[in-house]
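S.K.: I'll drop the sequence and a predicted model, then ask my questions.
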Amino acid sequence: MSINVLKLDNQKFWIFYPATVLIICGIIVHDVNCVPVNVALNKPIKAYYTCGAFERESYTTLTDAYSAVSNRPKRSCSYAPANATGVKATFPAEAMVDGVSTTWWQSTSRFRSYEYGTVLFNERSMELEAMINIDLYLLHLISLLQEFLASKITIQNGDALTPQRMAIEKSTDGNTYTPWIYAVSLPDWCGTIFPSAYKTVPSSVTDTICVDYVADDKPPGDAITVDLSEVPIALKEWQRIRYLNVKFYDMMFVYPFNSLANSYNHYAVTELSVFAECPCNGQQSGCEISNTTGMYECICGGNTKGMFCESCLPLFNQYQFKYGEPCVACNCFGHASSCFYQASVEAGNFSLDSEGKRRGGGVCVDCQNFTAGVNCEKCVALYYRPSGRIQTAGDACVPCLCNASGSDLNPATGLVDCVMSDDVAAEGKKPGDCYCKANVMGSKCDTCKQGFYNLQSSNLQGCSFVHNGTFVASVNNYFMSEH
Ligand SMILES: [Ca+2]
């Protein structure tokens, strides 16, 4: 199938496949039909502090708070400190990214977080009560091209209290975090509590936006959505993320269960979702959840492969891999199953592309069928391609089979071989013809010339002249010795 790439400008590209039109999303394409997926699914996540982190504790749900006391079941979280092995928390952080709406992470009580927690201590005056940290990468050692461009973040709270303020920080190294998004239940708090004016789109790539959301004190828990789809194309880099910190501030208390009602004062999150374009180097034809890893993986197009479509298929390395551009086939005349790109080959115009032009730097690997060369375009030593035989034929190369006694070395190769193909100039010779000693003839140098006999490998001329019934090595020797 041929692929036509239409570049409209520096910021957009479309790739059209004949018969069916396929639009492939690019890193800075904003207004085409890219369907974002939840890239937080099953990613490494941790939370400060999980219910049961400091001691076994009982808790009450938000629904319980609206029930008669006699109807409130006893509930508890098992003691499961974060550094303990073999002890599983009742409501672990992983439950926020498992894609299951009936599982959730639950924080310890506000009281215990303040009493025992140390990580959140520095922001306690801001009423920081819980923090979630997520690494959106599957692999840690991959290039920046695989970072995500987030388009929407949703936090579905469970049957518990809702934060009245949130701060979402981002990081590319996991160490240094910078404020990215503030979210508040009262827009006025943007400027008074957080150092940012209310705005839903950034005005620079280092900007922090502040948005609002609706929070109430009724079950079920609130769904908090931060929509980033309207970020201008010029500020697309602002959406690039890897690590996120999500901080919860200022728990919304339920009357009459005030801040002293310890069992009610916690958070629960059923799902934390970060929607982004699949990180497929602009090569994807789709994105699907893997049956083996449970994570979104790219369905690669453009002759690419890899979890992130980050490299070319084995036989498509005529050019160096480039973001957003389909890989181009090498020309190995059907005699190799892989090739690699080499810059020096491209610089020297040593490689033929599939159109037979010297473009690109593809080098075929492990040429089969007795072929050799950058493009498997010639035969190995002692083989040749018969005149008129197509280069892609399985028997493109056949043995020279020169008669060893009658053949000389090929001056071009220093071997007892033959004219290798029509492409190799050889005056008066055709492909397969060997280089005969002086007194020998025939395509394979297996016949003495007329008047000469006794083909011998030890004879530098191959055959001898006969005089008085005796072989004479050569005519010249006869005349020199007898006359
Ligand atoms: Ca869940």
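M.R.: On my side now, so go ahead.

S.K.: hey, let's count contacts and neighbours off CA atoms from now on
M.R.: Noted.

S.K.: Burial check on the residue nearest to Glu310 when sequence neighbours are not counted, number of neighbours?
M.R.: On the basis of CA to CA, 6 or more residues apart in numbering, the spatially nearest residue to Glu310 that is not a chain neighbour turns out to be Asn281, at 6.3 Å. Residues near Asn281, counting by other CA atoms under 10 Å, number 24.

S.K.: Same question for Ile209.
M.R.: Neighbour tally, Ile209, other CA under 10 Å: 20.

S.K.: same thing with Gly388?
M.R.: Counted with other CA under 10 Å, the burial measure for Gly388 works out to 10 neighbours.

S.K.: In terms of pLDDT, where does the residue nearest to Glu310 sit?
M.R.: We note a pLDDT of 74 for Asn281 in this prediction.

S.K.: my guess is it contacts Cys327, does it?
M.R.: No. In this structure, Asn281 is not within contact of Cys327 by CA atoms under 8 Å, at 12.0 Å.

S.K.: Setting aside sequence neighbours, what's the nearest residue to Lys43?
M.R.: Spatial nearest neighbour of Lys43, excluding adjacent residues (CA to CA, 6+ apart): Leu136 at 5.8 Å.

S.K.: just Ser344 next, same as before
M.R.: Gly361 (7.3 Å).

S.K.: What's the separation between that neighbour and the ion?
M.R.: Distance, Gly361 to the ion, by CA to the ion, to the nearest Å: 49 Å.

S.K.: residues touching the nearest residue to Lys88 once chain neighbours are set aside, list them.
M.R.: Setting aside the residues directly before and after it, Lys88 is nearest to Ala80 in space (CA to CA, 6+ apart), at 6.1 Å. For Ala80, the contacting residues are 52-56, 87-90, by CA atoms under 8 Å, 6 or more residues apart in numbering.

S.K.: again with Met96
M.R.: Taking CA under 8 Å, 6+ apart as the criterion, Met96 is in contact with 103-105, 269-272.

S.K.: let's see 10 Å
M.R.: Applying CA atoms under 10 Å, 6 or more residues apart in numbering, one finds that Met96 lies in contact with 40-43, 45-47, 103-106, 132, 155-157, 268-273.

S.K.: tell me the phi and psi of the residue nearest the centre of the chain?
M.R.: By CA atoms, centre = their mean, the mean C-alpha position of the chain lies nearest to Phe308, the distance being 2.5 Å. Dihedral angles phi and psi of Phe308 (degrees, to the nearest 10) take the values phi -120, psi 20.

S.K.: and the gap between it and Asn38?
M.R.: From Phe308 over to Asn38 the distance is 15 Å, taken as CA to CA, to the nearest Å.

S.K.: cool, Lys88 as well?
M.R.: From Lys88 across to Asn38, the span is 25 Å (CA to CA).

S.K.: Compare those two (neighbour count), which wins?
M.R.: Neighbours per residue, other CA under 10 Å: of Lys88 and Asn38, the larger number sits with Asn38, 23 against 14.

S.K.: Check which helix or strand the nearest residue to the more buried one once chain neighbours are set aside maps to.
M.R.: Distances taken as CA to CA, 6+ apart place Phe275 nearest to Asn38, at 4.3 Å, with adjacent residues excluded. Secondary structure here is read from DSSP states H and E; on that basis Phe275 sits in strand 268-276.

S.K.: strand partners of that strand, parallel vs antiparallel please.
M.R.: Listed by DSSP bridges, the sheet partners of strand 268-276 and their directions read strand 37-38 (antiparallel), strand 105-106 (antiparallel), strand 148-157 (antiparallel).

S.K.: right, and the helix or strand after it?
M.R.: strand 284-289.

S.K.: For that next one, name the packing helices and strands.
M.R.: Contacts defined by 3 or more CA pairs under 10 Å, 6 or more residues apart in numbering; DSSP states H and E place strand 284-289 against strand 37-38, strand 296-300.

S.K.: and the helix or strand following the longest one, how far out from the chain's middle?
M.R.: Per DSSP H and E, strand 296-300 leads on to strand 304-305 as the next helix or strand towards the C-terminus. Here strand 304-305 is found 8 Å from its chain centre; the criterion is CA atoms, centre = their mean, to the nearest Å.

S.K.: can you tell me which residues contact Gly306?
M.R.: Contacts of Gly306 were listed using CA under 10 Å, 6+ apart, and they are 280, 297-300, 312-313.

S.K.: Could you report the separation of it from Glu377?
M.R.: As for Gly306, its distance to Glu377 is 29 Å (criterion: CA to CA).

S.K.: what do you get for Gly86?
M.R.: Taking CA to CA as the criterion, Gly86 is separated from Glu377 by 61 Å.

S.K.: ranking the helices and strands packed on strand 284-289 by mean pLDDT, which is last?
M.R.: Ranked by mean pLDDT, those bottom out at strand 296-300, which scores a mean of 79.

S.K.: In its sheet, which strands sit next to it, and in what direction?
M.R.: Strand 296-300 has these partner strands in its sheet, going by DSSP bridges: strand 284-289 (antiparallel).

S.K.: Just to check, Gly362 is in contact with Gly348?
M.R.: No. Counting by CA atoms under 10 Å, no contact exists between Gly362 and Gly348, whose distance comes to 11.8 Å.

S.K.: neighbour count winner among those two?
M.R.: Shown here are Gly362 and Gly348; by other CA under 10 Å, Gly362 has more neighbours (31 against 12).

S.K.: contacting residues for Tyr114?
M.R.: Shown here is Tyr114, whose contacts under the criterion CA under 10 Å, 6+ apart are 108, 120-121, 124, 127-130.

S.K.: cutoff 8 Å now
M.R.: 121, 124, 129.

S.K.: residue ranges for the helices of the stretch 101-250 of the chain, please.
M.R.: Using DSSP state H, counting those that start in this stretch, the helices of the stretch 101-250 of the chain run over residues 110-116, 189-192.

S.K.: isn't Cys298 right next to Asn281, touching?
M.R.: No. Using CA under 8 Å, Cys298 is not in contact with Asn281, being 9.5 Å away.

S.K.: hey, what's in contact with both of those two?
M.R.: 308-309.

S.K.: Excluding sequence neighbours, find me the nearest residue to Cys402.
M.R.: Per CA to CA, 6+ apart, closest to Cys402 is Lys444, 4.6 Å.

S.K.: which SSE is that neighbour in?
M.R.: Using DSSP H and E, Lys444 falls outside every helix and strand.

S.K.: circling back: tell me the predicted confidence for the residue nearest to the centre of the chain.
M.R.: Note on Phe308: pLDDT of 76.

S.K.: any idea how far it lies from Ile45?
M.R.: Counting by CA to CA, the separation of Phe308 from Ile45 is 21 Å.

S.K.: before we move on, what about Asp98?
M.R.: Using CA to CA, we find Asp98 at a distance of 11 Å from Ile45.

S.K.: repeat for Ala381
M.R.: Relative to Ile45, Ala381 is positioned 59 Å away (CA to CA).

S.K.: So these two - more neighbours on which side?
M.R.: Ile45 (21 against 17).

S.K.: Surely that one touches Asn133?
M.R.: Yes. Under the criterion of CA under 8 Å, Ile45 makes contact with Asn133 at 5.7 Å.

S.K.: Alongside the ion, which residues does the stretch 251-400 of the chain contribute?
M.R.: Residues of the stretch 251-400 of the chain that fall close to the ion, judged by CA under 5 Å from the ion: 270-271.

S.K.: Nothing else from me, thank you.
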